[in-house]
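S.K.: Show me how the following folds:
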Amino acid sequence: MPKNDQPWLGIDLGGTNIQAGVMVGEGKLLARDSTKTKAEEGADEVINRIEKVVGKVLDAAKLKPADVAGLGIGAPGAIDVDKGVVVKAVNLGWKDFPLGKALGKKLSLPVMVDNDVNVGTWGAYRAGAAKDYQDVLGIFIGTGIGGGLVLGGKLYHGHHMSAGEIGHTVVCADAPRGRRTLENLASRTSIANQLAALIRSSHESVITELTDGDLSKIRSKVLAKAFEQEDRLTVEVMTEAARVIGIAIANAVTLLSLEAAVLGGGVTEALGKPFAKLVEKSFREHVFPPDLAECPIVASTLGDDAGVIGAAWLARDVLGGS
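M.R.: Numbering: from 1, shown residues only. Modelled structure (predicted):
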């Protein structure tokens, strides 16, 4: 059977969880499972945990390793795609770790390694909200802000393998150091810190009640509840976050003449269409030339499966030659 007709494994490796799935066809998952990463126990233990969760999804799909064509994995941090090496991943504590080689040896499968946001963007392009476009920006808003680029139907890495890192672009040059980049201003971490500081300085917010007074518990679901209840403070902070995200997208679309931008990540998924509309409004106000304002800003439709499906699709495209 040709490789592209076989199942493909996709792994989304995060600092907290490992998500795994078996994909067939155009993005259907036969089985899916997850486990804790436990990066503090070392890289070898993470590899062992990946092996175990892969075994679980194969069993659930009633497959053997020999039935699978290959495996794709999205990992955080800087990735040398050609060598399959995690150059640096702070939340895993890894430096120059040969992830592709280690997994290939453990599972006896061909392995494709890329950055986690790149595979999420590829998933949106191949099987999600961006599948009708050839030039796409993926922007994922969570603990941090990551981005990926598909240009001419191909995942674009750039000379230093860091293309698409929109979270590190400057959107407020005259702000104090540490408050200039998109990630500094609009990531979930930044939003939570802003809200906590305002509440501590006597601003009223329903967030105090939603977190039982523990402001360290401000997560995406809390933000979504407060936003849905039209909490004034939350709406103000989220509107400003959406404004700078829209500016960053406008800059990227103007520079590269992109067809579409897809929004994903925990914050986007939790707050849904109302937040995406705020981002789109800012984008349309700042993009140039005016005809680029027709570029659609779409929300990811794959949810938590974006990384798994994207990794499996990327492996299929690179290793299977589709």
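S.K.: Would you map the helices across this structure?
M.R.: 43-60, 99-107, 116-127, 182-186, 188-200, 207-210, 220-228, 232-256, 266-286, 306-319 (DSSP state H).
S.K.: thought T35 was touching I18?
M.R.: Yes: under the criterion of C-beta atoms under 8 Å, T35 makes contact with I18 at 5.2 Å. All C-beta atoms are positioned from the backbone trio N, CA, C, and that covers glycine.
S.K.: Between the two, which has more neighbouring residues?
M.R.: Higher neighbour count among T35 and I18: I18, with 22 against 14, using other C-beta atoms under 10 Å.
S.K.: Tell me if I'm right that the more buried one and A39 touch.
M.R.: No: between I18 and A39 no contact is recorded; they are 9.9 Å apart, counting by C-beta under 8 Å.
S.K.: What's opposite the residue lying closest to L109 once chain neighbours are set aside in the beta bridge?
M.R.: Spatial nearest neighbour of L109, chain neighbours left out: L71 (5.0 Å); criterion: C-beta to C-beta, 6 or more residues apart in numbering. Taking DSSP bridges as the rule, L71 bridges to L9, V111.
S.K.: G148 now?
M.R.: Those that pair with G148 in a beta bridge, by DSSP bridges, are G138.
S.K.: what's the spacing between it and R32?
M.R.: Going from G148 to R32 by C-beta to C-beta, to the nearest Å gives 22 Å.
S.K.: between those two, which one's more packed in?
M.R.: G148 (32 against 20).
S.K.: Isn't the more buried one up against G138?
M.R.: Yes: proximity of G148 to G138 meets the contact threshold set by C-beta under 8 Å, at 4.2 Å.
S.K.: anything in contact with each of these two?
M.R.: Common neighbours of G148 and G138, using C-beta atoms under 8 Å, 6 or more residues apart in numbering, are 117-118, 120-121, 164.
S.K.: Please tell me I have it right and A102 contacts I47.
M.R.: Yes: at 5.2 Å, A102 counts as touching I47 under the criterion of C-beta under 8 Å.
S.K.: center of the chain - which residue?
M.R.: V117 (4.0 Å; C-alpha atoms, centre = their mean).
S.K.: per-residue confidence for that residue?
M.R.: We have a pLDDT of 97 for V117.
S.K.: and if you look at R177?
M.R.: On the pLDDT scale, R177 is placed at 75.
S.K.: before we move on, what about A173?
M.R.: 75.
S.K.: can you list residues touching both of T35 and I18?
M.R.: The contact lists of T35 and I18 share 49, 53, where a contact means C-beta under 8 Å, 6+ apart.
S.K.: before we move on, back to that, nearest residue to the residue nearest to the centre of the chain other than its sequence neighbours?
M.R.: G146 (3.4 Å).
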